[in-house]
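Chemist: generate a structure from the sequence data that follows.
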Amino acid sequence: MKTYIDYAEISQAARRKITSAAVIPRPIAWITTVNENGSINVAPFSFFTMISPSILMVSFVQIKDRRKDTFENILRSKQAVVNIGDISLIEAIDNSSITIPYNESELAYIDVNLGPAKQVMAPLILEAPIAFEVEFLSHEELDDNGSKYDLTLLRILASHINSDLYDSEKHYVRLENPLSRLEGPKYGSSTELEYIRKF
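Modeler: Model (predicted):
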């Protein structure tokens, strides 16, 4: 037996709860950008995925028609760094989601170290095992039943990977204990499944 739910008959909050609980685990883009005053913005986003080998997608929700600081910075500078964290960084990633005034930095609330990127102004988070330098590719504003989202495509220019996780001959990356979002405020990780393809 299944419960049928017509999305036209429930609230946007209810839709979000159902969909975000079903589409899991979701990777987290821990994005660093440069604010207008030169300070560093750090924020996590779980409406995030890859859509091709060198293009990433991030969806930024607008709150009361105010766009996310991260999105505004990307739109202005056309660049960012997408850091990929693991479970050792869960507290820092969660704490960086706080709401603070624009041009203030989340770095005051988290204990991480920054390093320079090669092709963009935004810095890397050195504790993150993987970081992608990205440039702005395109953007589309979506209206989802009155809630607005900035759907943004970012092209990867370069990656920074912890050497012990990277096989330079085969280009394999083994991210141990990756962090992901589950339903509501919950986080999770992934374990490898022992399964052999039959075809």
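
Chemist: do a quick rundown of the strands in this structure.
Modeler: Counting by DSSP state E, the chain has strands at residues 26-27, 29-34, 40-45, 48-52, 55-61, 79-84, 114-115, 124-125, 130-144, 147-161, 166-167, 172-173, 179-181, 187-189.

Chemist: my guess is Pro27 contacts Phe47. True?
Modeler: No. Judged on Cβ atoms under 8 Å, Pro27 makes no contact with Phe47 at a distance of 10.1 Å. The way it works is simple: take the backbone N, C-alpha and C, and place the C-beta from them, glycine included.

Chemist: who's more crowded, those two?
Modeler: For Pro27 and Phe47, the more surrounded residue by other Cβ atoms under 10 Å is Pro27, and the numbers stand at 20 against 17.

Chemist: who are the contact partners of Ser59?
Modeler: Taking Cβ atoms under 8 Å, 6 or more residues apart in numbering as the criterion, Ser59 is in contact with 45, 47-48, 142, 149-152.

Chemist: tell me the contacts of the nearest residue to Val120 once chain neighbours are set aside?
Modeler: Nearest non-adjacent residue to Val120, counting by Cβ to Cβ, 6 or more residues apart in numbering: Gln79, 4.0 Å away. Counting by Cβ under 8 Å, 6+ apart, Gln79 makes contact with 33, 119-122, 133-136.
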